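Participant: The sequence isn't on hand, but the structure is:
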C-alpha cells in the first residue's frame, strides 16, 4: 500500500479539512474514491454500513474514503472497535478521522480516550496525523497563494499581501470572499488592487458572508456558529433586527435584478453578477418567501410571541431551507 493505512486530521476548520482530504485522496494515486461521510456526534455515529465497508472485502470493490467528521466526539467503545477494525483494511478502503475540537494554546486537542489507543500511537509513529489550529494572518498568505495557483489566478504587486489583511481568518468565510474575486478576475485571471475592495469589511461581514454561506453546501456549520455566538452577545450588539432589515434590502435587490431593473441596483458589477444568479435561483416565489420569513420574525419578537433566541433560530433555519432546498444540503 503506497499511502497511509488511515489518517487523523486535527483541525477545527471544516473548509481546511475538506481541502486536506481532497489533497490526500489525490495523492493516493487513485481518482475514483467514493466519499462516505459519518458524524461522530450523531446518535448512531458509526452505523452497520460503516463497519461493513471497513471490514468486509468485496469481489468487485469500489474504493471508499470513510470520513468520520467530528470524530473527537466518539465514545471509548467506538475507538475500541476501531482499534481492531483498522488492522486488516485493504487498499480500497481509506479511513479518515477528523478531530475538530477547538485548540487551547498550541497543544492539539486529542481526546484522552483516543491518545492511549494503539491506532493513534501507530499514526504518531508513521506520521499519519495532520494538525492545524486553523487560519491566522500568517497562514492566510499560503491559503491565498494555493487558491491562486489552483484557479490559475495571478496577483498584481501587493495584492496578495493586501488580501491576507482583508480576508477573514476563517477558511469557509475566506473561500466565499475569494469566489467573489474569482469572478472579478475575469478572463485575464488577474487580481488588481481595486479588487481587494470587493472583500466585505469587518462591519459588513456578518450579513454579507451570512447570505453567501446560506447558499453554500457544507457551510451550515459556519452559519450556526455565528448564530450561537450571537446568543451570548449583549442585547445592543445582537443582530436580529439588523438582519431583518438587511434581508428586506436584499430581497428588494433580488426582485429588481430579475425584473429588468439591474441598472437601478447600486452595487459593484461583480457583486451584481453574483446576486443575479442567486435571484434567478430563488425566483419570485422564493424572494417573496424570504420577505415572509423576515416579517414573521419581526412580528414574533415585537409581539412577544417568541423569545429572541427562538426567533433567530427559526429565521436562520427557514433561510437555510430556502437557499438550500431539502435533499441538497449536506454537512461536508
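Facilitator: Cool, the structure landed. Everything quoted here is computed from the prediction, not taken from an experiment.
Participant: going forward, measure contacts and count neighbours with C-alpha atoms only.
Facilitator: Noted.
Participant: Now do the contacts for residue 298.
Facilitator: Contacts were defined as C-alpha atoms under 8 Å, 6 or more residues apart in numbering; by that measure residue 298 touches 241, 244.
Participant: distance of it from residue 284?
Facilitator: Using C-alpha to C-alpha, to the nearest Å, one gets 21 Å for the distance from residue 298 to residue 284.
Participant: okay, now residue 106: neighbour count?
Facilitator: Number of residues near residue 106 (other C-alpha atoms under 10 Å) recorded here: 8.
Participant: Give the phi and psi angles for the nearest residue to it once chain neighbours are set aside, as a check.
Facilitator: Nearest-residue entry for residue 106: residue 133, 7.9 Å, with adjacent residues in sequence omitted and distances by C-alpha to C-alpha, 6 or more residues apart in numbering. Main-chain torsions, residue 133, degrees, to the nearest 10: phi -80, psi 0.
Participant: Residue 133 contacts residue 104, correct?
Facilitator: No - using C-alpha atoms under 8 Å, residue 133 is not in contact with residue 104; the gap is 9.1 Å.
Participant: neighbour count winner among these two?
Facilitator: residue 133 (20 against 9).
Participant: Run through the residues that contact that one.
Facilitator: 10, 11, 12, 13, 102, 103, 106, 108 are the contacts of residue 133 under C-alpha under 8 Å, 6+ apart.
Participant: now with 7 Å?
Facilitator: 11, 12, 103 (C-alpha atoms under 7 Å, 6 or more residues apart in numbering).
Participant: In strands, which of the residues you listed appear?
Facilitator: The members of the contacts of residue 133 all map outside strands under DSSP state E.
Participant: By neighbour count, which of those wins?
Facilitator: Of the contacts of residue 133, with other C-alpha under 10 Å as the count, residue 11 tops at 24 neighbours.
Participant: distance of the closest residue to residue 159 other than its chain neighbours from residue 163?
Facilitator: Spatial nearest neighbour of residue 159, excluding adjacent residues (C-alpha to C-alpha, 6+ apart): residue 193 at 5.5 Å. Using C-alpha to C-alpha, residue 193 is found at 9 Å from residue 163.
Participant: what does residue 7 give?
Facilitator: For residue 7 relative to residue 163 (C-alpha to C-alpha), the value is 32 Å.
Participant: again with residue 155
Facilitator: 10 Å.
Participant: the more surrounded of the two?
Facilitator: The residue with more neighbours, out of residue 155 and residue 163, is residue 163; 21 against 16, by other C-alpha under 10 Å.
Participant: contacting residues for that one?
Facilitator: When contacts are counted by C-alpha under 7 Å, 6+ apart, residue 163 touches residue 196.
Participant: do the same with residue 174
Facilitator: Counting by C-alpha under 7 Å, 6+ apart, the residues that residue 174 touches are 167, 168.
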